[in-house]
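1. Make a model of this:
(4 chains)
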Number of protein chains: 4
Amino acid sequence: MKIGSQDQHSTAISTSNETTILVRGRDLTEELIGRVAFTEHFWLLLTGALPTEAQRRILDASLVAIAEHGLVPSVQVGRMTLAAAPEALQGAVAAGILGCGSVVLGSSEAAGQFLAAIVARIKAGEAAAQAAKAVVLEYRAARRAIPGFGHPLHKGFDPRARRLLDLAAQLASAGPHVEIAREVERLLPELLGKPLTLNVSGAIPAVLLDAGYPLAALKGVPILARTAGLIAHLLEEQLRPIGFVMSHAAAKAIDYDGDAPPGFRPSDE
Amino acid sequence: MKIGSQDQHSTAISTSNETTILVRGRDLTEELIGRVAFTEHFWLLLTGALPTEAQRRILDASLVAIAEHGLVPSVQVGRMTLAAAPEALQGAVAAGILGCGSVVLGSSEAAGQFLAAIVARIKAGEAAAQAAKAVVLEYRAARRAIPGFGHPLHKGFDPRARRLLDLAAQLASAGPHVEIAREVERLLPELLGKPLTLNVSGAIPAVLLDAGYPLAALKGVPILARTAGLIAHLLEEQLRPIGFVMSHAAAKAIDYDGDAPPGFRPSDE
Amino acid sequence: MKIGSQDQHSTAISTSNETTILVRGRDLTEELIGRVAFTEHFWLLLTGALPTEAQRRILDASLVAIAEHGLVPSVQVGRMTLAAAPEALQGAVAAGILGCGSVVLGSSEAAGQFLAAIVARIKAGEAAAQAAKAVVLEYRAARRAIPGFGHPLHKGFDPRARRLLDLAAQLASAGPHVEIAREVERLLPELLGKPLTLNVSGAIPAVLLDAGYPLAALKGVPILARTAGLIAHLLEEQLRPIGFVMSHAAAKAIDYDGDAPPGFRPSDE
Amino acid sequence: MKIGSQDQHSTAISTSNETTILVRGRDLTEELIGRVAFTEHFWLLLTGALPTEAQRRILDASLVAIAEHGLVPSVQVGRMTLAAAPEALQGAVAAGILGCGSVVLGSSEAAGQFLAAIVARIKAGEAAAQAAKAVVLEYRAARRAIPGFGHPLHKGFDPRARRLLDLAAQLASAGPHVEIAREVERLLPELLGKPLTLNVSGAIPAVLLDAGYPLAALKGVPILARTAGLIAHLLEEQLRPIGFVMSHAAAKAIDYDGDAPPGFRPSDE
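-> Numbering: from 1, shown residues only, chains lettered A, B, ... in the order given. Model (predicted):
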């Protein structure tokens, strides 16, 4: 049964009446609370169907892989904001999410679009190596980096990426996107003149897209994962504040080089 | 082994070197990715230890219970923001979290503090009924509502709350906070002159605190849960936009009653 | 006198010692407070120099023109957020600014880049009409709208745009960007097959760029202006709340069209 | 003439039809653009009336006094956020406003409420010194700091505060709130056992409330002022990025003191 008119002024995510809350057509109390894990619920919210065991484990692994990576800028932004407004945890979370920025949050999505472009060519009949080569060269022509390859964090190798690919293999969930990711890795030394290995932002869309996770929802994975990490840092900030210490160190690292009247002496501090 | 000086300028959540990322002392790649669920990872990030099966299921159930409840103001805020800035999903998530506000996000924390205040009196030797009565009367004297009781959403009864208490009982995880929540429910008709049943915002801290979840991290549960719901709505907004439709309806519901020059005719629309 | 090393780790906006705050090289207390208007101070902060009388008046007029335009989505976002978190005005302002989005906030910048591209061709020797035609055709080829032309708000004519051009003429501040804006308006009927008149988002960069305001800072004008309007709406929201009324109307405008179990009756409300 | 029903579902700030935008009852194009300064427009938006010359100058001076104070945490938050999401200036402004926090943004409002409480007692018949003493002692009893006194930034003296009081005197705008501020300053050595001089957050509400600016809108002054400073820093960040330099210095200032496996060597960097 569908409720309401099937036009553009509708939502299909949830509704409720005096006794029942429906989420994606299921009774929240009877069918979901206590019966599905949060990760399964997230998949249901996004896609309208519950994930298989393999889908859930791939999504869990992807979220776990990128929830936390130390005192990165977005965590600093969150902790400084909480130090300035201790009563408003949601403000600190919001600032921290803004501080993640499109560079961090968009890297998995960009890699997913790159892999999907190659898979589309293969589905249209091209050989895998040829399709991969064509899309890599398109990116090079547009002076774009190859998203999902290279290792900002780890010298020569991102162990999180290997772990995700191994898991997909073990769950028999690997498919064309993982294959293409490996193929691109093989081709890059020749095409770019240097090796670039798959990083975690490339492995996540490879295993998620093979598992049937929607391409358009890829950005949701780092956002949800980072929110978990942020909340942990904000709890720690309440118990052991370092926001102002970080801010003081940051300010000290920068000089003033604007005009000043004769005789003006900068503060010692 | 501890690294670094044990002073206030430290964090204990994660660190890394060229080959390894440590999260709460565990090797992220070897011990966590593919081995723990996202909910377990969140508990680990917050507390430093992995949850038991019962702890994980209680946290899962709590997150699932409040992730989604339709086109509430925060979801409208998120969808309108995405409509206005389609390239910045993180901006829409941040606005949506701000739109949740302290009223929604703080209700479980407020109820947790209420229950904890009663439990503290009991631990100090008071009888349960007496301790509950004393704290309820303190709140009344301060003209504060009893947090976690009453049913904004459901007439007379919040089925999500029952479900959470049943789950805690089934997992043998219920303890003093659940007991007190039931005790308060029994006492309220007499103390307030009307019955108020436990709602989901009261049940969540009851079952979580009994499971050993930290009181100071209670606000993190609705924030993480709502972020999942928001992301689903923002994915739908990309596919079936309703942000501007909602905004148009909202504007039409409000009149202008300020000054106007003679002869000014308001727009028909 | 310059302080500090002239490298990339510097700021030139302000510094202070125990007795003096320097802003852009000037003593804040002695030279600025009570001596310059807020608009002049904003120009100083951005450019390092105080504006002339004409520059100040052009910037004032631009800010006044776009500070307020009713219950637009960003104002709704701000008011709903304040209703949900009454204690955190800054959260409501932040959400409101996010709700403005790049579509609104970027329109003056986009129009400024369009006008600047034409002016650059003229400086390189092309005739005005030819340069304008070339850039318009480039935009058409890229299927981009001509930014700053057309009238989302007013049928056939945006009186705010005329007012800004008239002011620039009156202050003898009009120059090549205003000229080009008029030239493009003349050419569009022929190039696009329909007339499109200059709107306020096109007039603002025309008069500001001619006045010497930096192109890279154009987006700051709508952000500062809208913040003023938002603050007024948030003050009104405190005194006469309508956030929840708008939210209720917005939710009622949308149906649920997802699955539902047999016999599920939607809420009347 | 009033338009619309005079109930709670109304706004009095602005409306428009096909040809005219009304702001607070005035034709935006004919009466405001090019005729009033941005500061006057802000006062009009907030209060419904244009300010006098003295009112405008007091508001200008207040905004100028606190728009900018170097690489404070909120500016760091904004610049780090822009570094992470260069395409979304509004996200960086929003994060920066969140980073100001209630501590900074609320200080003028808190001082205004303190001064207003004393003035209310005087209007009710108490002598000035007695009223001031009573309210100071109330704050002490509640273990609250006396808001607007003491000098976080300047040793013993805040020159911006003196400048604002002098300006109010010069404009014949000083009244009971300034008088009370001076009275409290005289009384504090005796009441607290140490002198605390009026700071800029205390001087701003003193001069603004005497000028007729609404108490409920005090928080709007630091928000608008800081937004101007933030925009200048974000423009500089685009031209001379230091966001990542600050972030790197902040991270280096903090050690990891959590668990680590035997043999784990922290990164040199």
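2. going forward, measure contacts between C-alpha atoms and count neighbours the same way
-> Fine.
3. do stretch A:217-227 and chain D meet?
-> No - figure legend: stretch A:217-227 not in contact with chain D (Cα under 8 Å from any Cα of the partner chain); closest approach 13.9 Å.
4. Just give me how far that stretch sits from the chain centre.
-> Here stretch A:217-227 is found 4 Å from its chain centre; the criterion is Cα atoms, centre = their mean, to the nearest Å.
5. contact partners of it?
-> Contacts to stretch A:217-227, defined as Cα atoms under 8 Å, 6 or more residues apart in numbering or on different chains, come from residues A:46, A:62-64, A:66-68, A:93, A:97, A:105-106, A:108-109, A:112, A:205, B:89-90, B:224, B:227-228, B:231, B:235.
6. same question, stretch A:180-194
-> A:115, A:118-119, A:128-129, A:132-133, A:136-137, A:149, A:195-198, A:202-203, A:206.
7. ok, 10 Å please
-> Outside stretch A:180-194, the residues that touch it by Cα atoms under 10 Å, 6 or more residues apart in numbering or on different chains are A:111, A:114-116, A:118-119, A:122, A:128-129, A:131-133, A:135-137, A:140, A:146, A:148-150, A:165, A:176-179, A:195-198, A:202-203, A:205-207.
8. Check these for burial and list the buried ones.
-> A:111, A:114-116, A:118-119, A:122, A:128, A:131-133, A:135-137, A:146, A:148-150, A:165, A:176-179, A:195-198, A:202-203, A:205-207 (16 or more other Cα atoms under 10 Å in any protein chain shown).
9. So which of those belong to helices?
-> A:111, A:114-116, A:118-119, A:122, A:128, A:131-133, A:135-137, A:165, A:176-179, A:202-203, A:205-207 (DSSP state H).
10. looking at this, A:Leu59 is in a helix?
-> Yes - looking at A:Leu59 with DSSP: H, G, I helix; E, B strand; the rest coil, it is inside a helix.
11. Which pLDDT value goes with it?
-> Per-residue pLDDT puts A:Leu59 at 98.
12. For it, give me its contacts.
-> Per Cα under 10 Å, 6+ apart, neighbours of A:Leu59: A:39-40, A:42-43, A:51, A:65, A:204, A:207-208, A:211, A:213, A:221, B:34, B:37-38.
13. what do you get for A:Val103?
-> A:Ala110, D:Ala83, D:Ala84, D:Ala85, D:Pro86, D:Glu87.
14. Within reach of chain C, which of the residues you listed are there?
-> D:Glu87 (Cα under 10 Å from any Cα of the partner chain).
15. Out of the contacts of A:Val103, grab the one that's most surrounded.
-> D:Ala83 (26 neighbours; other Cα atoms under 10 Å in any protein chain shown).
16. so how far is chain A from that residue?
-> Here the criterion is Cα to the nearest Cα, to the nearest Å. By it, D:Ala83 lies 8 Å from chain A.
17. which residue packs closest to that residue, ignoring adjacent ones?
-> Among residues not flanking D:Ala83 along the chain, D:Gly243 sits closest, at 5.8 Å (Cα to Cα, 6 or more residues apart in numbering or on different chains).
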